[in-house]
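> fold the following and give me the result.
(one chain, ligands or ions: 1)
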Amino acid sequence: MRVRSISTALAGAAALTLALTACGGGGGDENTITIGVKYDQPGLGLEEGGGKPVGFDVDVASYIAQELGYTEDQIEWTESASANRETFLQQNTVDMIVATYSITDERRDVVDFAGPYYVATQDILVQSGTDDISTAEDLEGKGLCSASGSRSAYTITDTLEIGAELRETQNYSECLQLLTDGQIDAVTTDNTILAGYAAQQPGEFELLGLDLQEERYGVGLPKGSTERCEEINAAITKMYEDGTAEEYLDKHFGDADFEYSTEQPEFDDCA
Ligand code: GLU
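So this is what the prediction gives:
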């Protein structure tokens, strides 16, 4: 009788442990972490044929996942375009998003953010030799592309009130194609993203080097992730203190045409 009650208690404890572990995952099972990254952005998140995507965001995400206790094999990568980042977090399609995801008050209404782990700035990209666009004001009446779900275009049209002809695409690669084809005049988004594309085709494109707005990259989390946010901030601090952040920045942006800071950004509160 006594033996039986102990084994019943053990079975109960095992079931509880299983249930608790199962709570951890969003998209995958309890032993994996599902991370949303970009798949079409050279230098940040680029997937070129079935394997693991590569880039600064991917390396940062891997580092964080490892600090959270996951091995490389336990990471499941998922493509998150700008337009589906909030939805993916709200629907638990992913556990976290590391995808040039700027922290904004509007997004904070529906998701949580750890970090920022990097601060980019918004800039404008044109075809080399374009002589009639050198400031944001020059975009008045010009064809301007950005990805839907990003806030970059609205900095130009709403914040700066410049009457550009807006073209929104699914992702930035499509903007680059439209620019190459002469169907639009300029692309606007973060300097990290634009510099990545420019570095892919040297001589073709030019960044104007305008610091239009700070883009503080956070790690997107489902609402109510205060504890995980604190853990991720500790991981980001370690990544800067042990020199890994600088190593990743040099590796991915070393050849790109923009200045990057290797200083750790100041965190927001997690709550
Ligand atoms: N970082 C900006 C944003 O989150 C623009 C780049 C992007 O779309 O990812 O809106």
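
> now do the contacts for the nearest residue to P53 once chain neighbours are set aside.
Of all residues not flanking P53 in the chain, E47 sits nearest, at 4.1 Å (C-beta to C-beta, 6 or more residues apart in numbering). To be clear about C-beta, it is placed using only N, CA and C from the backbone, and glycine gets the same treatment. By C-beta atoms under 8 Å, 6 or more residues apart in numbering, E47 lies in contact with Y39, D40, P53, V54, W77, E79.

> ok, now which ones touch the third one?
Residues counted as contacts of P53 (C-beta under 8 Å, 6+ apart) are V37, K38, Y39, G45, L46, E47, W77.

> now these in TSV, with pLDDT and secondary structure?
Shown next, in TSV, are these (pLDDT from 0 to 100; DSSP: H, G, I helix; E, B strand; the rest coil):
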residue	pLDDT	secondary structure
V37	98	strand
K38	97	coil
Y39	95	coil
G45	97	strand
L46	96	strand
E47	94	coil
W77	97	strand
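
> just the closest of these to the ligand, please.
Nearest to the ligand among those, counting by C-beta to the nearest ligand atom, is K38 at 7.0 Å.

> report how many residues lie close to the closest residue to the closest one other than its chain neighbours.
Computed as C-beta to C-beta, 6+ apart, the closest residue to K38 that is not its neighbour in sequence is G45, at 3.6 Å. By other C-beta atoms under 10 Å, the residues close to G45 number 28.

> and G45, what does it touch?
Contacts of G45 by C-beta under 8 Å, 6+ apart are V37, K38, Y39, P53, V54, G55, D57, V58, V98, A99, T100.

> just say helix, strand or coil for the residue of the stretch 51-200 of the chain found nearest the ligand.
Nearest residue of the stretch 51-200 of the chain to the ligand: S150, at 2.9 Å (C-beta to the nearest ligand atom). Secondary structure, DSSP: H, G, I helix; E, B strand; the rest coil: S150 is coil.

> verify the contact between it and R85 for me.
No - counting by C-beta atoms under 8 Å, R85 is not a contact partner of S150; they are 9.7 Å apart.

> which one of the two has more residues nearby?
Neighbour totals were compared for S150 and R85, and S150 leads with 25 against 22 (other C-beta under 10 Å).
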